[in-house]
Every structure is written in C-alpha cells, then in structure tokens.
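Engineer: please find the sequence and the predicted model below.
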Amino acid sequence: MPQYGAREMAKAFRTVRGNTIQTARDIPEEQYDFVPAPGTRSVSQLLRHIGYGVLIHYDFHRDKRLTTLAGYDFAAMGQRAGAAEGVARSKDEIIALLETEGEQFASWLESLSPEFLDEVFTDPMGGNPRTRFEHLLGAKEHEMHHRGQLMLIQRMLGVVPHLTRAMQERMAARQRAQSAPASVPAGGSTVPA
C-alpha cells in the first residue's frame, strides 16, 4: 500500500498553494478591497489570512512541540496572527507573501520524520488524541476552505476561476475530438479491409 507521508503532504500543500496564488493573480487589484457581505473579510484580508494561516501549526508542532493543548493561549496566538494579517499589502506583496510563506511551510513539512508525524497530542481537556500528521493536514484543508470562498467571490466579480477555465478547456477539447471527422489515411479508406 502506498505511503502518504511528509513528502506527499508537502507536494499536496504546494499544489493547493499554487492554486491559491493563481486565484490571487486572477482577481484585479482594484477588487482587493471588495467585501462580499457585511462582517466578512475583503479579498485582501482573506488572502493575508491564508498567508499566515500556518502560524498555528508552527506554534503547536515546530516551536513548542506540544503534547497537549491544555493551557494553550489561543487568544495570544490569535493576536499574533491578527497582527501579521493586519498589515496592509499590495497585490504583488500579497502574492509574494503567499509564495514565500507557502514554500517555507511546504519545505518544513517535507523535512518531518514519520516518528514526528506519528506523535500524539490532546485537546484542551486532555482528550481527543490526534497525531501531528492529522493536524498538519488541516493546513491544506483550511486553505482550500478559504480558496472556495475566493472562487465564489471571483464569480461575484465576473472572473471565471482558473480551475473552472481549465476544466472548460478540457471539455471543449474532448468535444472537438469527438466531433472531428475520422481522418482518412493517404490513398486509403476508413473502412477496414
């Protein structure tokens, strides 16, 4: 049975981050302040949130190597992430942030040993044990959740998401191939002998 480990997790995260970066590129900079509904993040805020979304994973696993979340200061982590996310950035700066932070995180994931990924930590009540591997998969899931929001925002702004465009291009190519007349070999017939 194939093993899904650190290398595969890093590769999957790079794919997800690459799609997020393309989404960020496809949204016009003049739309980065667009807020789709009251009380939600703007495009810029959402992209910055994605960019710094890995901070909690670093804090839990790399920096503190926690074995329990009992006593963990979630408020302090939220303030730290909020301060980082709160720095206004241009579109180019946000894309650079996504590229740099994404590759740094993927490289760190790639470096993790199977033993490290198998280590268990518990929730704030000391229960619900989970592996570091399971929690680190959440970084990709978190980003995909927010990228789904961005893709809906793209539609609201009149932008067709790149993944949809790629699918439409594949479908059109398939349809063209099915509609094309059968080619006739030089000097031959399409009827088998």
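Structural biologist: In hand now; what should we look at?

Engineer: residue 22: neighbour count?
Structural biologist: 15 (other C-beta atoms under 10 Å). Where you see a C-beta, it was placed from the backbone N, CA and C, and this is true even at glycine.

Engineer: identify the residues contacting it.
Structural biologist: By C-beta atoms under 8 Å, 6 or more residues apart in numbering, the contact list for residue 22 reads residue 162.

Engineer: and it, how close does it get to residue 98?
Structural biologist: 10 Å (C-beta to C-beta, to the nearest Å).

Engineer: need the residues touching each of these two.
Structural biologist: With C-beta under 8 Å, 6+ apart as the test, residue 22 and residue 98 reach no residue in common.

Engineer: need the residues that contact the helix or strand harbouring residue 75.
Structural biologist: Assigned by DSSP states H and E, residue 75 belongs to helix 74-85. Helix 74-85 is contacted from outside by 45, 48-49, 51-53, 55-56, 59, using C-beta under 8 Å, 6+ apart.

Engineer: show me how to select, in ChimeraX, the buried members of those.
Structural biologist: Restricted to buried positions by 16 or more other C-beta atoms under 10 Å, the ChimeraX selection for these reads:
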select :45,48,49,51,52,53,55,56,59
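
Engineer: out of the contacts of helix 74-85, who's nearest residue 153?
Structural biologist: Set against residue 153, the nearest of the contacts of helix 74-85 by C-beta to C-beta is residue 45 (11.5 Å).

Engineer: once you drop chain neighbours, what's closest to that closest one?
Structural biologist: residue 85 (6.9 Å; C-beta to C-beta, 6 or more residues apart in numbering).

Engineer: could you list the low-pLDDT ranges of this structure?
Structural biologist: Where the chain drops to pLDDT under 70, the residues are 1-2, 182-193.

Engineer: what's the longest helix in it?
Structural biologist: helix 132-156 (DSSP state H).
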